[in-house]
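Novice: here is the input, now give the coordinates:
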Amino acid sequence: MNLPEPLIASLAGGTLVPYLGPGVLAVAPDYPVPASPEALVAQLTARVSVPHKIRNRLTQAAQFIENFKHRKTLVEQMNAAFAATPVPGALHAWLAAQGFPLIVDTWYDGAMAAALQARGDAWGEVQGLSQSEHFGQWTGWYDAAGEAVGEPAAVWQTVLYKPIGSRRPAANYLVSDADYVEVLTEIDIQTPIPVRVQALRSDRNFLFLGCRFNDQLARSFARQIMKRSSHMHWAVLAEAPTRMEARFLQEQNITPIAASLEAFVAVLTACQRDVARVAGAMASAT
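Specialist: As a prediction, the model looks like this:
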C-alpha cells in the first residue's frame with residue numbers, strides 16, 4: 001500500500017491535522033480502557049442498571065445514570081472506566097514526534113497526551129466541558145503538567161484538542177444526551193470550538209484515524225471541527241462505509257483509504273523518505 005501523494009504533500013508542507021477516534025487504541029500495545037462507544041456503554045451498564053431498550057446506547061444510558069443516580073455517579077463511573085492510561089502505541093509516538101500544531105482526539109483516554117509528554121516538546125491541551133458542571137464555560141485549557149491555565153501559551157508547539165473531554169487531568173466528560181444537546185445547540189455558530197483551534201485548522205487537511213461516521217454525533221462534531229479547513233481530507237477505513245458514512249465522506253471531500261489501521265500505521269511511520277522527497281520538490285519549486 002502506498003500513501004496518496006496529496007497526503008504526503010500535506011505532511012511535507014505541514015498542513016495535516018490528525019483526527020483520532022477511539023479505534024486508535026486497537027493498535028496500541030496495551031489499552032485497559034474501553035476502545036469504542038459500545039465497549040464503554042457495556043461497562044457503564046454493567047455497574048448501574050438501566051432500562052433494556054437503552055442499555056446499548058451510550059448517550060442515553062449515560063443520561064439515565066445522570067438523571068436517576070446523579071451526575072456525580074456518572075463521573076465516578078467514567079473515571080473508573082478510564083482510570084488506566086493506555087501505553088502509547090507506535091501511532092501515538094509517531095504523531096507526537098511530528099510537531100503537528102493541532103491534534104484532535106475524540107476519545108476520553110490519555111494515550112495521546114502521554115505520548116506528547118514523553119516527547120518532551122512544549123504542548124498543552126484544551127477540553128470540552130459539560131454545561132451541567134461548568135455552565136457558560138465551553139472549554140478548559142491545561143498545560144503539560146495538567147495545571148489549568150486561562151489561555152494557550154504561545155510557546156506550545158502542539159495543541160491537543162479533546163472536544164468531548166478526557167479522564168485527565170480534570171475528569172471532564174461530554175457523554176450524556178444533555179451534554180451533547182447543549183454543545184450541538186451552539187456548535188453551528190462555533191461557540192464551543194476554541195478560537196485557537198479555529199485558527200489552527202484554517203486551510204488544513206484532516207486525516208481521520210480510528211474513526212467511524214455511522215453515528216450522527218460523530219458526523220456533527222467532525223463537520224463542525226473541519227469547518228473552514230481545506231477541500232481535501234482522508235479517512236482510513238478497514239470496512240466499507242455505510243450509506244450514511246459514504247454520503248458524509250462525499251459531502252466533506254474525505255477520501256476513504258481502504259486499509260486496516262495497523263497496515264496504514266506501518267506505512268505512515270515508514271514514509272519519512274517520501275515526505276523528504278516531496279518537501280525537497282516543494283522547496284525547489286519556490
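Novice: which regions of the stretch 151-286 of the chain lie under the pLDDT threshold?
Specialist: Counting by pLDDT under 70, the stretch 151-286 of the chain shows low-confidence ranges at 273, 276-286.
Novice: which stretches of the stretch 51-200 of the chain form strands?
Specialist: 102-105, 123-128, 139-143, 148-149, 158-162, 165-166, 172-173 (DSSP state E, counting those that start in this stretch).
Novice: what strands flank the third one, and is each parallel or antiparallel?
Specialist: According to DSSP bridges, strand 139-143 has the following sheet partners: strand 123-128 (antiparallel), strand 148-149 (antiparallel).
Novice: and the angle from it to strand 158-162?
Specialist: Relative orientation of strand 139-143 and strand 158-162, computed by axes from the mean of the first three to the mean of the last three CA atoms, to 10 degrees: 140 degrees.
Novice: pLDDT on strand 139-143, on average?
Specialist: Per-residue pLDDT values over strand 139-143 give a mean of 98.
Novice: CA atoms only: put it into CSV for me.
Specialist: What follows is strand 139-143, C-alpha atoms only, in CSV (Å, rounded to 0.1, in the frame of the first residue of the first chain):
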residue,chain,number,x,y,z
THR,A,139,-13.7,24.7,27.2
GLY,A,140,-10.8,24.3,29.7
TRP,A,141,-7.1,24.8,28.9
TYR,A,142,-4.4,22.8,30.6
ASP,A,143,-0.6,22.8,30.3
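Novice: what's the distance between it and the middle of its chain?
Specialist: Here the centre of strand 139-143 is set off from its chain's centre by 15 Å, with CA atoms, centre = their mean, to the nearest Å.
Novice: for that strand, which residues meet the burial criterion?
Specialist: For strand 139-143, the buried set under the neighbour-count rule, 16 or more other CB atoms under 10 Å, comprises 139, 140, 141, 142, 143. Every residue, glycine included, has its C-beta placed from N, CA and C.
Novice: can I get those in CSV with distance to residue 120?
Specialist: Shown next, in CSV, are the buried residues of strand 139-143 (distance: CB to CB, whole Å):
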residue, distance to residue 120
139, 25
140, 23
141, 20
142, 17
143, 14
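Novice: before we move on, back to that, tell me which of the strands paired with strand 139-143 lies nearest to residue 248.
Specialist: When those are compared by CB to CB, strand 123-128 sits nearest residue 248, at 21.0 Å.
Novice: could you check how far residue 10 is from residue 64?
Specialist: To residue 64, residue 10 is 43 Å away according to CB to CB, to the nearest Å.
Novice: could you do residue 58 as well?
Specialist: 11 Å.
Novice: equivalent analysis for residue 50, please.
Specialist: To residue 64, residue 50 is 5 Å away according to CB to CB.
Novice: mind listing the helices for the stretch 101-250 of the chain?
Specialist: Under the criterion DSSP state H, counting those that start in this stretch, the stretch 101-250 of the chain carries helices at the ranges 111-119, 177-187, 195-201, 216-226, 243-251.
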